[in-house]
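Student: Quick one, structure for this:
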Amino acid sequence: MCFSAFSRGRLAKDQVWYPTLNFFKQASRSKLDVEELKFESIDFIKFAESRGWQLLAVGFSVCNRRQKWLKVGATYSGLEMKFPERVYTREEIDLARSLIERGHRHRLRVVGSLGFREKAMKALRLVKIAGYYDFLRAHIRRIVEVQGFSQLREVDLEIWANNYTMENAVEAASFLMQKAWQVRMYLDGRLHYDIGEREAVKKRIEFLETLAKRSRNPSVKKECEERLKLWDESKFL
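Tutor: Sure, this is the predicted structure:
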């Protein structure tokens, strides 16, 4: 599918006028080419790139040299770009971040033994109760059982976790949220480990506070309070 449009506006120095967001909303709804429509100025190129569209052609023509009016034509391919398999290069990071910002959500998978999957599902249910599941599956695509140390694999958007990490559902849920926040920081180009991990830990504490308020299970509330007390006594922060 290709979207085409023309826009006209007064040409200032080093300035070009582009179609607006309303055009793309209309084109997306109608699923048809839309031509010769007039719109206000926005950063058309950045918006199209954030949508994952590919530029096919751009044409410029001066309609009135004395008044400096400029006519701009642009054609973009509306085909959606796939989420990258790995998020490592600058281009892959930018694409992943833009797709997440416009609503991409992973089909979160838990990979491991039956016992591990059952423990992980309990933790995920708590994440849903706290209202953080959408954020989690935006930044994490897989939770994988390992025999070694639990760790974040940000390039693959994976959390590697051992059975011990998943043993306590409240602790496991807060661990998953911390790692999801670290992915967010990674995509934003911020330090997400070492000293930078402190911000993610604060988000982990916020999650525990939210879970304690939203859960109706007394044992979950109690466990959250105990975990919060431990973090309050921690020298990490």
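
Student: When you work out contacts or count neighbours from here on, use the C-alpha atoms and nothing else.
Tutor: OK.

Student: where does the protein dip in pLDDT?
Tutor: 1-81, 235-237 (pLDDT under 70).

Student: Walking through it, point out its helices one by one.
Tutor: For the chain, the helices defined by DSSP state H cover 21-30, 44-50, 90-101, 114-130, 133-139, 163-166, 169-187, 197-214, 218-233.

Student: and of the ones you listed, who's closest to residue 153?
Tutor: helix 169-187 (8.8 Å; Cα to Cα).

Student: Can you spell out which helices and strands pack onto the closest one?
Tutor: helix 90-101, helix 114-130, helix 133-139, helix 163-166, helix 197-214, helix 218-233 (3 or more Cα pairs under 8 Å, 6 or more residues apart in numbering; DSSP states H and E).

Student: So residue 109 sits against residue 142, correct?
Tutor: Yes. Contact criterion Cα atoms under 8 Å: residue 109 and residue 142 qualify, at 4.8 Å.

Student: Settle it for me: which of those two has more neighbours?
Tutor: Per other Cα atoms under 10 Å, whichever of residue 109 and residue 142 has more neighbours is residue 142, with 19 against 14.

Student: For the more buried one, which residues count as its bridge partners?
Tutor: Per DSSP bridges, the residues bridged to residue 142 are residue 109, residue 158.

Student: What separation is there between it and residue 169?
Tutor: As for residue 142, its distance to residue 169 is 17 Å (criterion: Cα to Cα, to the nearest Å).

Student: Using TSV, lay out the helices of the chain together with mean neighbour count and distance to residue 83.
Tutor: Compiled in TSV, the helices of the chain are given as follows (neighbours: other Cα atoms under 10 Å; distance: least, Cα to Cα, whole Å):
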stretch	mean neighbour count	distance to residue 83
helix 21-30	14	20
helix 44-50	15	12
helix 90-101	18	6
helix 114-130	18	23
helix 133-139	20	11
helix 163-166	20	28
helix 169-187	23	13
helix 197-214	19	24
helix 218-233	15	35
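
Student: between the ones you listed, which gets nearest to residue 152?
Tutor: Short answer: helix 169-187, nearest of the helices of the chain by Cα to Cα, at 6.3 Å.

Student: Helix 218-233 and the closest one, what's the angle between them?
Tutor: Interaxial angle, helix 169-187 versus helix 218-233 (axes from the mean of the first three to the mean of the last three Cα atoms, to 10 degrees): 50 degrees.
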